[in-house]
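Peer 1: Curious how this folds, go ahead:
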Amino acid sequence: MIKIMKGSRTLTIPAGAYESMYAPCGWEVVGTKKKTEKKSKKEFESEPEVEATEESEEVETEEDVEYVDPEELLEKPIEELDFEELKIVADYLDINTKGLKTKKEVREAIKASRK
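Peer 2: Model prediction:
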């Protein structure tokens, strides 16, 4: 499981779902720097060294993370789910959503899998 972020929303998702479903929609993995952000040598040298410990890793992961339970999403009417929620449900149901770009397409794939 990895944490991803888009704007102020943060989700925990299966790692395999990121590249195919979330990256194209603008989601970013939490804890990684954007490629465009580069530090100068002076900035890099001025940062204090921090020893990585289990305790410090726990502090980094204690963010406002919204975990989305696919079982709970399945209880909602499919018409009320947004695009990201539909993709989570589809991934949970092992539905291939590659190439599906609209909510309608994903909804139809989910409905077809339930028949």
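Peer 1: now the helices for this protein?
Peer 2: 15-17, 41-46, 54-61, 70-75, 83-92, 103-114 (DSSP state H).
Peer 1: List the contacts of residue 25.
Peer 2: If you count contacts by Cβ atoms under 8 Å, 6 or more residues apart in numbering, residue 25 has them with 6, 83-84. All C-beta spots, glycine's among them, are computed from the backbone N, C-alpha and C.
Peer 1: Mind giving me the ChimeraX command for buried ones among these?
Peer 2: Applying 16 or more other Cβ atoms under 10 Å to the contacts of residue 25 leaves a buried subset, and the ChimeraX line that selects it is:
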select :84
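Peer 1: Could you dump the contacts of residue 25 into a markdown table with distance to residue 111 and pLDDT added?
Peer 2: Converted to a markdown table, the contacts of residue 25 look like this (distance: Cβ to Cβ, whole Å; pLDDT from 0 to 100):
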| residue | distance to residue 111 | pLDDT |
| --- | --- | --- |
| 6 | 26 | 86 |
| 83 | 16 | 91 |
| 84 | 18 | 88 |
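Peer 1: from the contacts of residue 25, which is closest to residue 16?
Peer 2: For the contacts of residue 25, the residue nearest residue 16 by Cβ to Cβ is residue 84; the value is 15.9 Å.
Peer 1: how close does the closest residue to the closest one other than its chain neighbours get to residue 71?
Peer 2: Of all residues not flanking residue 84 in the chain, residue 25 sits nearest, at 7.0 Å (Cβ to Cβ, 6 or more residues apart in numbering). Separation of residue 25 from residue 71 (Cβ to Cβ, to the nearest Å): 22 Å.
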